[in-house]
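[1] here's my sequence, what's the structure:
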Amino acid sequence: MAEVVEDQEQMTDVADNDATPETGNSEKTFTRSELSKMMAAEKAKWENEKKAEVENAKNEAERLAKLSKDERSAEMAKKRESELAERERKVQRSELLIETRDQLNNSGLPVEFAEMVMADDAEQIQNNIKVTKTAFDEAVEREVNKRLLQKTPKNGGAGGTSMTKADIFAIKDTKERQQAIAEHIDLFGRN
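    Numbers count the residues shown, from 1 in each chain. Predicted coordinates for the structure are as follows:
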């Protein structure tokens, strides 16, 4: 294995080059020695996991070798049955997920909600969709109503004005002055 030269050169990737103090993206950079230590730690962890897997497989093989032929075949059948049950559970979950997405689509809800409303049976999923739809519709309606609210006219109605042209031109802030002009455009009508 090639030896890594430890120096203070900083390793960065392309995403780190975009980080600037103005944007607030300050990602940590690592030295070669820090990267080497992290990689060594991850490698050791992986090797330990693989050793444990091999050890478990050896122990299982030894245990099965000690069993009689009938016990061994019964043990293998039980293992196949549990694997089959696990596959069946995954297939059933996939089918429920597909059905859930269809129900969400039919209800007018985003299909991204599928994981949130998933349950063990179709009846519970349907109840979750109903509750989610109710809450979602109420939240949308509140937000729409909030955005549709109009400000009360400042000039006391369509006929009278509380500000004069001079008052508006006296406003120092440009944005406020422009807003006042827009609100009292009738004062600046053509002659």
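[2] in this structure, which ranges drop under the pLDDT threshold?
    1-25, 150-161, 190-191 (pLDDT under 70).
[3] let's see 90
    1-30, 60-76, 79, 103-104, 107-111, 113-123, 145-169, 178, 180-191 (pLDDT under 90).
[4] looking at it, which helix is longest?
    Determined from DSSP state H, the single longest helix within the chain is helix 69-107.
[5] so which elements touch it?
    Judged by 3 or more Cβ pairs under 8 Å, 6 or more residues apart in numbering; DSSP states H and E, the packing partners of helix 69-107 are helix 32-66, helix 114-117, helix 122-148. (Each C-beta comes from the backbone N, C-alpha and C, glycine too.)
[6] quick check: angle from the first one to helix 69-107?
    The one in question is helix 32-66. Orientation of helix 32-66 against helix 69-107 (axes from the mean of the first three to the mean of the last three Cα atoms, to 10 degrees) gives an angle of 130 degrees.
[7] and helix 32-66, how far out from the chain middle?
    32 Å (Cα atoms, centre = their mean, to the nearest Å).
[8] distance check, the residue nearest in space to the middle of the chain against K90.
    By Cα atoms, centre = their mean, the chain has its centre lying nearest to E112, at 10.3 Å. Separation of E112 from K90 (Cβ to Cβ, to the nearest Å) stands at 21 Å.
[9] how far out from the middle of the chain is the helix or strand harbouring R177?
    R177 belongs to helix 174-183 when assigned by DSSP states H and E. Counting by Cα atoms, centre = their mean, helix 174-183 is centred 41 Å from the centre of its parent chain.
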